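K.L.:
A predicted structure for the sequence below; I have some questions about it.
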Amino acid sequence: MFEPARVQTLWELVEYRARASRGAPMFFDGDGRTVTFDGVRDEALRVAAGFRELGIGAGTRVAWQLPSRIETVVASLALARLGAVQTPVIPLHREREVGFILAESAAQYVLVPGTWRGFDHTAMVRGLAGDGVRVVSVAGGLPVGDPGGLDPAAAASGDGRTTWIYYTSGTTTSPKGVEHTDATLIAGGVGLATALGMSAHDIGSIAFPYAHIAGPDYVIAMLVSGFPAVILDSFEPGRAAAVYRRRGVTMAGGSTAFYQAFADESRRYRKERPTAGRLIPSLRLLSGGGAPMPPELYAAAGRELECALVHGYGMTECPMIAMGTPYDSDEQLARTVGRPVAGARIRIARPDGSEAATGETGEVTLKGPMLLRRYTDPALTAEAFDVQGYFHTGDLGLLRPDGHLVLTGRLKDIIIRKGENISAQEIEDLVHTHPSVAQAAVIGLPDRERGERVCAVVTPADPAAPPLTLGALTAHLRAAGLMTQKLPEQLEIAEELPRGGPLNKVLKAALRERYTQSQ
């Protein structure tokens, strides 16, 4: 029987599930493959042996930038078996982000997919990797070897040391390194599994980047509850829905953007096939997080897809904080992000540090076994925790009398686009380098598909010159190495930026209100 408190390493959990669900499917992919729980365990052992022959072992720092595939999960489990320190990198990241992450994490090995979706990751990483960093392309398959020679001690390193480093932009121009242990990720996954109540009779889905911290969070929930999932290396709503129909997926989602995409796809599907019925007949649950969910979207997506919709709250520093459950009321699911998950303690703090009353808005702070171990930057760690040991999220919210958490805003100047944190300052700094720009402010505006979209508001350097176009601006930002996900989707030209306060700061709230109303 699974006892979360007794499991400290990811590999222990893999072994447990391989024994408990021997012969049962763990993964399906878009090409028709099926791999069992014990099959994944066995392949991970062979790959661990292959990695060991390359010189990877306990404590070796390995970054990987791989798409969501069965092989990627196998590779990460193999590294966990060896006790390596993993640094997952989102596949859409480019030179700016990848270069910083490789240097800051002191990666010794980097796993890349070769050319994926028309982009040569091997060439990029080889151009960024410093001396002594080994770039390993897995385009031809993962390395394998004889697992009989593996050191058994490497699988039992539940000593609380860092085994995962994730990077998140937060509010700064440089990404923040977030250190996790196997135990912190397991605690998050157990919280997710407990809230969702999935069983071996369900089929889930992973169509979001497995390199996001939600990747192992979800896989751990699979290992805890024993349910399989469809895994896709990219999200295209029509293709995903077709695979989900074929496989009988019962839970789909990923973020607010996924809810909207599936609802839109359902409308198209019903219009083209009036007698075909539901888009995914087996679907009973949409779940996700990563961005605000408007109540209107909750109602529209649930009605269109004819299923329940549960939304949650997490972050790179704490993969699971709160989560709705299938047993909550429609009002709770539409208006809140659920109750704190198992093990999480949420405290709403006033500006003076005292605890807010029930229903009073303040900063969301928390404790729990799923919290990061520390940041790679000790100064950030010192700033993030108060004297009582609570972690300060930078998000504003309140706890209702029913125990559910409502998020009301953010202290941080970030934009959450499709579940990813984007630093407004980073983009502003680059926008300012365009010769046609005098001043710039970057804001997030509500967007039904993305959660928020990136909007650049600029004043012209020469008002008499032809106005800057969005295409010219994005071309400039691409040339500066900004990743596609961070490029502005809207450009507004203003005579001046609204300012106020003792430091004459740009009033971004006024800009958001102005351009939200003008849509």
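P.N.:
Good, I have the coordinates. The structure displayed is predicted, hence computed values, not measured ones.
K.L.:
What segments of the stretch 401-519 of the chain are helices?
P.N.:
With helices called from DSSP state H, counting those that start in this stretch, the stretch 401-519 of the chain shows them at 424-431, 470-479, 508-517.
K.L.:
wait, which of those helices is closest to residue 299?
P.N.:
Smallest distance to residue 299 across the helices of the stretch 401-519 of the chain (Cβ to Cβ): 20.8 Å, for helix 508-517. (Each C-beta comes from the backbone N, C-alpha and C, glycine too.)
K.L.:
got the angle for the closest one vs helix 424-431?
P.N.:
On the basis of axes from the mean of the first three to the mean of the last three Cα atoms, to 10 degrees, helix 508-517 is oriented at 80 degrees to helix 424-431.
K.L.:
Pick out the residue closest to the middle of the chain.
P.N.:
residue 212 (3.9 Å; Cα atoms, centre = their mean).
K.L.:
Name the nearest residue to that one, ignoring sequence neighbours.
P.N.:
In this structure, residue 212 finds its nearest non-sequential neighbour in residue 90, 6.5 Å apart by Cβ to Cβ, 6 or more residues apart in numbering.
K.L.:
so how far is residue 485 from that neighbour?
P.N.:
Separation of residue 90 from residue 485 (Cβ to Cβ, to the nearest Å): 8 Å.
K.L.:
Overlap in contacts, those two.
P.N.:
The contact sets of residue 90 and residue 485 overlap at residue 420 (Cβ atoms under 8 Å, 6 or more residues apart in numbering).
K.L.:
can you pull the contacts of residue 438?
P.N.:
458, 459, 460, 461.
K.L.:
Distance check, it against residue 324.
P.N.:
When Cβ to Cβ is the yardstick, residue 438 and residue 324 sit 46 Å from each other.
K.L.:
same thing with residue 292?
P.N.:
Taking Cβ to Cβ, one finds residue 292 at 14 Å from residue 324.
K.L.:
Specify which residue of those two has the higher count of neighbours.
P.N.:
Taking other Cβ atoms under 10 Å, residue 292 and residue 324 do not tie; residue 324 has more neighbours (28 against 18).
K.L.:
The more buried one touches residue 336, doesn't it?
P.N.:
Yes. Judged on Cβ atoms under 8 Å, residue 324 makes contact with residue 336 at a distance of 7.1 Å.
K.L.:
re earlier: how about the helices of the stretch 401-519 of the chain in TSV, adding mean pLDDT and distance to residue 342?
P.N.:
Listed next are the helices of the stretch 401-519 of the chain as TSV, based on pLDDT from 0 to 100; distance: least, Cβ to Cβ, whole Å:
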stretch	mean pLDDT	distance to residue 342
helix 424-431	85	34
helix 470-479	96	42
helix 508-517	88	36
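K.L.:
Residue 264 is nearest to which of the ones you listed?
P.N.:
helix 508-517 (21.3 Å).
K.L.:
Need the contact partners of the closest one.
P.N.:
413, 424, 441, 443-446, 455, 457, 490, 492, 497-498.
K.L.:
how about a cut-off of 7 Å?
P.N.:
441, 443, 445, 446, 455, 457, 492, 498 (Cβ atoms under 7 Å, 6 or more residues apart in numbering).
K.L.:
And the pLDDT at the nearest residue to residue 454 once chain neighbours are set aside?
P.N.:
Spatial nearest neighbour of residue 454, excluding adjacent residues (Cβ to Cβ, 6+ apart): residue 488 at 4.6 Å. On pLDDT, residue 488 comes in at 96.
K.L.:
I'd like the distance between the residue of the chain positioned farthest from its centre and residue 214.
P.N.:
Most distant from the centre of the chain: residue 464, at 43.7 Å, with distances by Cα atoms, centre = their mean. Per Cβ to Cβ, residue 464 is found 49 Å from residue 214.
K.L.:
and the closest residue to residue 210 other than its chain neighbours, what is it in contact with?
P.N.:
Of all residues not flanking residue 210 in the chain, residue 68 sits nearest, at 4.2 Å (Cβ to Cβ, 6+ apart). Listed by Cβ under 7 Å, 6+ apart, the contact set of residue 68 reads 206, 209, 210, 231, 232, 233.
K.L.:
let's go with 8 Å and repeat that
P.N.:
Counted by Cβ under 8 Å, 6+ apart, residue 68 has contacts 206, 207, 208, 209, 210, 211, 215, 231, 232, 233, 234.
K.L.:
What of residue 141?
P.N.:
residue 71.
K.L.:
Give me the distance between it and residue 76.
P.N.:
Look at residue 141 and residue 76: by Cβ to Cβ, they are 16 Å apart.
K.L.:
Residue 179 now?
P.N.:
Taking Cβ to Cβ, one finds residue 179 at 16 Å from residue 76.
K.L.:
what about those two, which has more around it?
P.N.:
Legend: neighbour count by other Cβ under 10 Å for residue 179 and residue 76, higher for residue 76 (26 against 20).
K.L.:
for the stretch 1-150 of the chain, which spans come out with low pLDDT?
P.N.:
Low-confidence segments of the stretch 1-150 of the chain (pLDDT under 70): 1-5.
K.L.:
those strands in it, which residues are they?
P.N.:
Remark: strands of the stretch 1-150 of the chain, listed N- to C-terminal, are 25-29, 34-36, 61-64, 85-88, 109-112, 115-116, 119-120, 134-137; assignment by DSSP state E, counting those that start in this stretch.
K.L.:
swap in the stretch 251-400 of the chain?
P.N.:
251-255, 285-289, 308-315, 318-323, 339-340, 345-349, 362-367, 374-375, 391-399.
K.L.:
Centre of the chain to the last one, how far?
P.N.:
With Cα atoms, centre = their mean, to the nearest Å as the basis, strand 391-399 stands 19 Å off its chain's centre.
K.L.:
What of the second one?
P.N.:
Averaging C-alpha positions (Cα atoms, centre = their mean) puts strand 285-289 13 Å from its chain's average.
K.L.:
Give the pairing partners of that strand; include direction for each.
P.N.:
strand 251-255 (parallel), strand 308-315 (parallel) (DSSP bridges).
K.L.:
among those strands, which gets the worst mean confidence?
P.N.:
Looking at the strands paired with strand 285-289, the weakest mean confidence is strand 251-255, a mean of 89.
K.L.:
Can you list the residue ranges for helices in the stretch 151-300 of the chain?
P.N.:
182-196, 214-225, 237-247, 256-272, 295-305.
K.L.:
out of the ones you listed, which comes closest to residue 403?
P.N.:
helix 182-196 (12.9 Å).
K.L.:
Tell me which other helices or strands the closest one touches.
P.N.:
helix 10-20, helix 214-225, strand 308-315, strand 318-323 (3 or more Cβ pairs under 8 Å, 6 or more residues apart in numbering; DSSP states H and E).
K.L.:
domains for this structure, by residue range?
P.N.:
Here the domain parsing of the chain from automatic domain parsing is 4-180, 235-410, 414-517.
K.L.:
just how off-centre is the longest one within its chain?
P.N.:
Relative to its chain's centre, domain 4-180 lies at 16 Å (Cα atoms, centre = their mean).
K.L.:
Where do the strands of the stretch 401-519 of the chain begin and end?
P.N.:
So, for the stretch 401-519 of the chain - with DSSP E, counting those that start in this stretch - the strands run 405-410, 414-417, 420-423, 437-447, 451-460, 490-493, 499-500, 505-506.
K.L.:
what lines up beside the longest one in the sheet?
P.N.:
Think strand 437-447. With DSSP bridges as the test, strand 437-447 pairs up with strand 451-460 (antiparallel).
K.L.:
and the angle from the strand it pairs with to helix 470-479?
P.N.:
Going by the same axes, to 10 degrees, strand 451-460 makes 100 degrees with helix 470-479.
K.L.:
now strand 451-460: mean pLDDT?
P.N.:
Taken as a whole, strand 451-460 carries a mean pLDDT of 94.
K.L.:
List the buried residues in it.
P.N.:
451, 452, 453, 454, 455, 456, 457, 458, 460 (16 or more other Cβ atoms under 10 Å).
K.L.:
Can I get it as CSV, trimmed to CA atoms?
P.N.:
Presented in CSV, the C-alpha positions along strand 451-460 are these (Å, rounded to 0.1, in the frame of the first residue of the first chain):
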residue,chain,number,x,y,z
GLY,A,451,-5.0,34.3,-20.0
GLU,A,452,-3.0,37.4,-20.6
ARG,A,453,-1.3,38.8,-23.7
VAL,A,454,1.7,41.0,-23.8
CYS,A,455,1.0,44.6,-24.8
ALA,A,456,3.8,47.2,-25.4
VAL,A,457,2.9,50.9,-24.9
VAL,A,458,5.5,53.2,-26.3
THR,A,459,6.0,56.9,-27.0
PRO,A,460,7.8,57.8,-30.2
